[in-house]
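In: From the sequence below, what's the structure:
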Amino acid sequence: MNPLLLEMLPWVKQGDCCSQLLMRLALQTSGEENPGLVRALWGFCRGILYTGGPCGFLTGGVAVLSHAAGHGGADDPAHPMAVALIADYVDWFQERTAAYGGTSCPQVSLGVAGGAAGPDAEPDMMLCGGLLAECWEKIVELTAAYDIDITQPKQVR
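Out: Below you'll find the predicted structure:
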């Protein structure tokens, strides 16, 4: 089992989904706690709550990057490269999941299961753990490339 998934296992067992797990990693990395933010990401679970929408690793990754670099108000402007940062993540995710036929939760879930699950199968975090690790590594890589320190909470400027 992927070491990152082992670390996430308590949250997986309590029902957290892909998008929530990525945000929990980000909050843990910066020493923050924000249950409201984690709760807000629940709506992205399982393809926007079983609507066949995008994978939570895509939407959750965008949320993590927005939390680190996005616009938060008049006194909290976006990082000057926030749009490019997020576009790079989206492009990478689209390329990474192209073999699955797209970025929807059902496509990605079926793809990581190697086609072993039915098209309506529930996403299995034990199977998705490798993709979780890849997404987190990409987030860390991109934020470093754009000189964004995700080990510290975003400071309002």
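
In: Please make it C-alpha for all contacts and neighbour counts, starting now.
Out: Will do.

In: What residues sit buried inside the longest helix belonging to the chain?
Out: Longest helix of the chain, by residue count under DSSP state H: helix 125-145. By 16 or more other CA atoms under 10 Å, the buried positions in helix 125-145 come out as 125, 127-133, 135-136, 138-140, 142-143.

In: Count the neighbours of Ala74 for me.
Out: By the criterion of other CA atoms under 10 Å, Ala74 has 9 neighbours.

In: Return the distance of it relative to Val64.
Out: Here Ala74 is placed at a distance of 20 Å from Val64 (CA to CA, to the nearest Å).

In: hang on, the earlier thing: go through the buried residues of helix 125-145 and name the one nearest Gly114.
Out: When the buried residues of helix 125-145 are compared for distance to Gly114 (CA to CA), Leu127 wins out at 9.5 Å.

In: quick one: low-confidence ranges for this structure?
Out: Applying pLDDT under 70 to the chain flags residues 1-2, 4-5, 115-127, 156-157.

In: Please enumerate the helices of it.
Out: Using DSSP H, helices in the chain cover 3-13, 18-29, 35-40, 45-50, 56-69, 82-97, 105-112, 125-145.

In: Quick check: which of those helices is nearest to Lys154?
Out: Closest approach to Lys154 among these is made by helix 56-69 (5.9 Å; CA to CA).

In: What residues of that closest one count as buried?
Out: In helix 56-69, counting by 16+ other CA under 10 Å, buried: 56-69.
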